[in-house]
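K.L.:
Model the following, please.
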Amino acid sequence: MAAKKLCESFSKSFIEEVQRWGCMKQTGVSLRYMMEFGSDPSHRNLLISAQFLHKELPIRIARRAIELESLPYSLSEKPAVLKVRDWYLDSYRDLRSFPEIKDTNDEKDFTQMIKAIKVRHNNVVPMMALGVQQLKKDMDPKIVYEDLDEIDRFLDRFYMSRIGIRMLIGQHVELHNPNPPPHCVGYIHTKMSPLEVARTASEDARAICLREYGSAPNVNIYGDPIFTFPYVPTHLHLMVFELVKNSLRAVQERFMDSDKVAPPIRIIVAGGVEDVTIKVSDEGGGIPRSGLSKIFTYLYSTAKNPMDEDSDLVTANAVTMAGYGYGLPISRLYARYFGGDLQIISMEGYGTDAYLHLSRLGDSQEPLS
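P.N.:
Numbers count the residues shown, from 1 in each chain. Okay, the predicted model is just below:
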């Protein structure tokens, strides 16, 4: 059915070309490579970067467009998923129809085009979430959720690929910034203080908690304030924000009607030789063991997707990841993208510890699939 839709909208030769490009080998890059290459954003290096993206992006985008065609349980036919597929095919076509990049003028035009592609894909996550919602609504209640781990695995691959595509585009675009902030190479901060990022992310999460509940537990942060390492601050902010927000919510709801003072969230930042680890601990009552396997799935969210069928994309732009329960699985992907990981350890009846491991060496290649 979905394949038919593709044939209706696009020519046979175009579909064959997408399939051919989707089978080509992707080329992963490491944080260290991006940092070293970007530290000299000369015309020559920007030209090399654009030529690399001109070949690499269509491969990555074609691969995802093909996968969007053959999802289980007719997920490919859901209107929201068809919309995402069309965004990917439009971006593929834009990239493939862009002529060879020979000089600085070509490179500038190319940069403007990929900037527009990044904007086109801004709402991919809520739109896919909407597709999953549409699927759940139409699904036979007899289907066992365990059978749906295929969809989880697809979404992990899909969102991981999206992180990579956005990182490559964003990094290239940011290298054009004539006045980069000190110690910044594109998106990468070469002397990032994890303590500082954790503090900002915690303040942002507390502001949301205050807005929702009228009060918020304190967050205490421990670690070396002068310790720094190269990383992408926006990625770290997103992950810590998510973990702290979950902890705040758990503690707030557990102690809301209690006469006890809500215990603080504790964040510990430790720098090792290979890893930087950030531990977020709360006394929010923990998660039962039977529920732990569900926290990294995209299918169990109890929260309402802020972008349901009735809402329009304009309001959805203001949405954070809070709305559709994707925060934890997507945070884990951000951690893994540069060779780290996220683990959740829980004591039911007491609280939860989240361990965010980040690779300090920056030399692991992007995980491509």
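K.L.:
burial of the nearest residue to residue 221 once chain neighbours are set aside, as a residue count?
P.N.:
Nearest non-adjacent residue to residue 221, counting by CB to CB, 6 or more residues apart in numbering: residue 267, 4.5 Å away. C-betas here are computed from N, CA, C, even on glycine. Residue 267: 26 surrounding residues under other CB atoms under 10 Å.
K.L.:
Name the strands paired with the helix or strand containing residue 267 and say parallel or antiparallel.
P.N.:
Here residue 267, judged by DSSP states H and E, is contained in strand 265-271. Applying DSSP bridges, strand 265-271 is found paired with strand 219-222 (parallel), strand 275-282 (antiparallel).
K.L.:
coming back round to it: for the residue nearest to residue 221, give me its contacts.
P.N.:
Residue 267 is in contact with 198, 202, 219-223, 240, 244, 278-281, counting by CB atoms under 8 Å, 6 or more residues apart in numbering.
K.L.:
could you redo the last one with a cut-off of 7 Å?
P.N.:
The contact partners of residue 267, taken as CB atoms under 7 Å, 6 or more residues apart in numbering, are 198, 202, 219, 221, 222, 278, 279, 280.
K.L.:
And for residue 105?
P.N.:
By CB under 7 Å, 6+ apart, residue 105 has no neighbours at all.
K.L.:
Distance of it relative to residue 112?
P.N.:
Between residue 105 and residue 112 the distance is 11 Å, computed by CB to CB, to the nearest Å.
K.L.:
follow-up on the earlier one: highest mean neighbour count out of the strands paired with strand 265-271?
P.N.:
Highest mean neighbour count of the strands paired with strand 265-271: strand 275-282, a mean of 22 (counted as mean count of other CB atoms under 10 Å).
K.L.:
Residue 150 against residue 70, yeah?
P.N.:
No. Counting by CB atoms under 7 Å, residue 150 sits too far from residue 70 to count as a contact (11.1 Å).
K.L.:
quick revisit: residue 18 is nearest to which of the strands paired with strand 265-271?
P.N.:
For residue 18, the closest of the strands paired with strand 265-271 is strand 275-282, at 39.1 Å, according to CB to CB.
K.L.:
what's downstream of the closest one, the next helix or strand?
P.N.:
Tracing the chain past strand 275-282, the next element assigned as helix or strand by DSSP H and E is helix 289-292.
K.L.:
And the strands in the stretch 151-300 of the chain, which stretches?
P.N.:
Here the stretch 151-300 of the chain has its strands, by DSSP state E, counting those that start in this stretch, at 184-185, 188-192, 219-222, 229-231, 265-271, 275-282.
K.L.:
Would you map the helices across the stretch 201-350 of the chain?
P.N.:
For the stretch 201-350 of the chain, the helices defined by DSSP state H, counting those that start in this stretch occupy 233-255, 289-292, 313-316, 327-337.
K.L.:
Could you dump these into TSV and include mean pLDDT and mean neighbour count?
P.N.:
Below are these laid out as TSV (pLDDT from 0 to 100; neighbours: other CB atoms under 10 Å):
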stretch	mean pLDDT	mean neighbour count
helix 233-255	96	22
helix 289-292	89	11
helix 313-316	42	12
helix 327-337	95	21
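K.L.:
need these in JSON lines with distance to residue 172, can you?
P.N.:
Below are the helices of the stretch 201-350 of the chain laid out as JSON lines (distance: least, CB to CB, whole Å):
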{"stretch": "helix 233-255", "distance to residue 172": "16"}
{"stretch": "helix 289-292", "distance to residue 172": "39"}
{"stretch": "helix 313-316", "distance to residue 172": "26"}
{"stretch": "helix 327-337", "distance to residue 172": "17"}
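K.L.:
Ok, which of those comes nearest residue 134?
P.N.:
helix 313-316 (15.1 Å).
K.L.:
What's the separation between residue 243 and residue 253?
P.N.:
Taken as CB to CB, the span from residue 243 to residue 253 is 16 Å.
K.L.:
Next: residue 10.
P.N.:
Computed as CB to CB, the residue 10 to residue 253 distance reads 49 Å.
K.L.:
and the residue nearest to residue 221, what are its bridge partners?
P.N.:
Assigned bridge partners for residue 267, using DSSP bridges, are residue 221, residue 280.
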